[in-house]
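Engineer: Only the shape, not the letters, is given here:
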């Protein structure tokens, strides 16, 4: 035995590996794409990553029956009551690269290990099961959310939200303002803050209809989509209902032509002020041109200075959304 | 036949025993008997159990087989890189195999071990310097020789050698009278040329006790005279002991540790008796190793050092030159290209490289180092007792090729070596390969070129 | 499975490894015999320490001895193998994560890319060493299943680790195979020629003391052993 101990060990090793190969049925591969995959890119700000970023399947971690309090396992609540949660992983702010790494490893692996120990379904604990070398650049086909007319109607009618719940006075979707100007809040986080905070509050009040899981909103096609002419929330341009402009009424209100047609009498607003900021418009989109209160030329500015009302009530001009209405 | 008349497990302890043993010329009957000499397995097992400790076990077990020792072995190089000459293979296939079989080995295996332990290794320890694991195959072969000796598997000449030490406390049949006579004779021989020169015998409290190789009184008494002249010139207060004058140890080569112990104890008791301040050993490599490096352990001296500080002859010469006791006449320095051969036993086992270089720088104008040299020098080819063993003459002559080529590469025709064994091997090398070289100890040249101090009389013949 | 093999099984492997290695060292030292070895280990402490250090340092520094210098190609392979084999696993960040999460021990780590190259170095050197074993007659004759087995056991964790890291094939399988082969390596070390992990130091210190105190170290500065 002593004579051949090395060979014995080597053969044992081969048998062990082969045996394991036979007994082993293959692991459940995480999908490379999915609406709920979140790239954990917290280390990106420290320079190049050593291992592939984790594509975190958020849906797998959100069990509906556990309710909204489940969020707090991974997320911190914001300081003011009812203001929702922070989207970054808890306790992450201000940590060094190593500390961030350690935090994720200890929280994720620790939880997975605890679950396994408790005999419950658990997540991966092997490096490559989270840090997957993926051939797909981005896990999602798009960031977009199909906030279509029916969804808009759902929010307006079923949830009884008024326009200002989501829109600012210019009509744009509200943006969350960063506390630190050097770190602007991304449109993504801004929208999430807006929607999810509201949904959370709704859920906390006992209502169950507001989705908190990713695919509740980001499903593709979205669960409630009924039309192909969807608006794209990710562009942060929420078109309101159509405005039926009564030109005669404004003429009779003794407004000079050049108040509105400030360039040439025959040029309509939308020839220069397009949806995009065209060069001719001086960077002012149609939406801005209509809603800028400080400008006498805009609808809102004029209405305000003339006391014409409807300044704070969108539906004074815009047609309300109703299901099936365009 | 368990044990033969000549070939047996008994040591030779008497004069008569020696004489009878030597009637078997060349050991023909001895080797014939060996073929049927049974192995005493229980004794071998017991000896392995008693003596195979962690160091040897580790050496045998952790050899990774990297093969770095191959090129370090002159036998491997001289035998066209025969893989069977790789040191690791040699020790693994002999001692290693014996240990793996737990001593349960047969006669042909033991004869094979003997042929490898004496015919394929001179215990030059060079491979040790090339082993990353620090495995000393020279020491292991020496250990194997001890096991083989205890079982009676030892070359004929080695058996005689250890018997000589047991009977005469010398490697040759030289009695105390023979030795004293030789000293007196040499004193007389030099009297005319060097008035006042004495070879003091058994003087107590001398500065130096001088000990020699039995070959000197037996075959080269002039060497003793040269030593006396140099001590005389240096003004040393020296003496030789009437008993305990022999430094060599064929017992060490034979693996007869009991005889080795007897031999060094005779020297140490001379030291105890005469209380010299220091000991100087003649120009012999293995003598120095046996009595100064290994001897204290055989004699059971705790700190591993001989009873008094002991210098090899090169150390004494270097010291005498440095302190000016001996002065070299620059005009008489060796003019021709000359090279120098380091003996394994004092280079790799006593670290005397620098003294030798210093001496050469003083006595030679065109000193040429061999490559490699110093601690990396190759064995002369006849070390470890190999020179004297008839059974392995062919192996020895082949092995000498490496030394031959090293010498030829220097372009020197004169080789100085302060070692009897190396001196013999280089002489034989010239005899076998006829490369036109001369060889010498240091003493003859030192005597020729030393400056005679004014207060001493020197009458040229 | 994962919890078990990185939990109890890992503990067991480490226990066998440490106890085994410790036993080797203790037995080695305990069995040293001044009379039989003919080395006085304790009477010339200063010289002994000097000799031992000289021996260790000369041989651990690449090209520190003539033996290394006369075989530069082998020496490169040797150090490529050994430096990688020691440094990569000890300072691999993934190992540090396990250490941190299991036992709360925080250790310095190497960038993954460095560890990766070291691992590739180990594998390349191992292949080179095997080729050398078969093409050089003087090494072939010393090659038995013991040497090949030891090399196989030693390299297996690096190959499986490399496969797992680069996610070639089923990376979960490779990771499990990596952990098991690593544990087998730990267990095998005390029982195989891989015990040179500790016995190298024992042997070098011993021969260093031998040469440093007895065989000339006191007379020749820089005796090469």
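Structural biologist: Now that the structure is in, tell me what you want to look at. The model shown is predicted, which means the values in this text are computed figures rather than measured ones.

Engineer: Residue in chain C with the shortest distance to chain A?
Structural biologist: Nearest residue of chain C to chain A: residue C:149, at 3.1 Å (CB to the nearest CB). The way it works is simple: take the backbone N, C-alpha and C, and place the C-beta from them, glycine included.

Engineer: Using the three-state scheme, assign that residue.
Structural biologist: Classification of residue C:149 using DSSP: H, G, I helix; E, B strand; the rest coil returns helix.

Engineer: any idea which element the closest residue to it other than its chain neighbours lies in?
Structural biologist: The shortest distance from residue C:149 to any non-neighbouring residue, by CB to CB, 6 or more residues apart in numbering or on different chains, is to residue A:6 (3.1 Å). Taking DSSP states H and E as the criterion, residue A:6 maps to helix A:5-23.

Engineer: Mind checking the pLDDT average for that helix?
Structural biologist: Average pLDDT, helix A:5-23: 84.

Engineer: circling back to that earlier point, contacting residues around the residue of chain C closest to chain A?
Structural biologist: Applying CB atoms under 8 Å, 6 or more residues apart in numbering or on different chains, we find residue C:149 in contact with A:4-10, C:192.

Engineer: cool, residue A:7 as well?
Structural biologist: Contacts of residue A:7 (CB under 8 Å, 6+ apart): C:145-146, C:148-149.

Engineer: cool, and residue A:243?
Structural biologist: Contact analysis of residue A:243 by CB under 8 Å, 6+ apart lists A:317-319.

Engineer: of these, closest to residue B:2?
Structural biologist: Residue B:2 lies nearest to residue A:318 out of the contacts of residue A:243, by CB to CB, at 122.1 Å.

Engineer: If I follow the layout properly, the closest one ends up in contact with residue A:287?
Structural biologist: No - using CB atoms under 8 Å, residue A:318 is not in contact with residue A:287, being 11.8 Å away.

Engineer: Output the set of residues of the stretch 1-150 of chain A in proximity to chain C.
Structural biologist: The stretch 1-150 of chain A comes close to chain C at residues A:3-10, A:12-13, A:16-17, A:20-21, A:24, A:26-27, A:50-51, A:101-102, A:105-106, A:109-110, A:113, A:116-117, A:124-129, A:132-133, as judged by CB under 8 Å from any CB of the partner chain.

Engineer: just checking, what packs against the one helix or strand residue B:366 maps to?
Structural biologist: Assigning secondary structure by DSSP H and E places residue B:366 in strand B:364-368. The contact analysis (3 or more CB pairs under 8 Å, 6 or more residues apart in numbering or on different chains; DSSP states H and E) places strand B:364-368 against strand B:334-340.

Engineer: For the strand it packs on, which strands pair with it and how are they oriented?
Structural biologist: With DSSP bridges as the test, strand B:334-340 is paired with strand B:364-368 (parallel), strand B:414-416 (parallel).

Engineer: in the first one, what counts as buried?
Structural biologist: Of all the residues in strand B:364-368, those buried under the rule 16 or more other CB atoms under 10 Å in any protein chain shown are B:364, B:367-368.

Engineer: Of these, which is the nearest to residue A:172?
Structural biologist: Nearest to residue A:172 among these is residue B:368, at 95.6 Å by CB to CB.

Engineer: Name all residues that make contact with the closest one.
Structural biologist: B:337-339, B:410-412.

Engineer: could the residues you listed go into TSV alongside pLDDT, distance to residue B:380 and neighbour count?
Structural biologist: Below are the contacts of residue B:368 laid out as TSV (pLDDT from 0 to 100; distance: CB to CB, whole Å; neighbours: other CB atoms under 10 Å in any protein chain shown):
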residue	pLDDT	distance to residue B:380	neighbour count
B:337	96	19	15
B:338	96	16	23
B:339	96	12	25
B:410	95	15	20
B:411	94	19	10
B:412	95	15	23
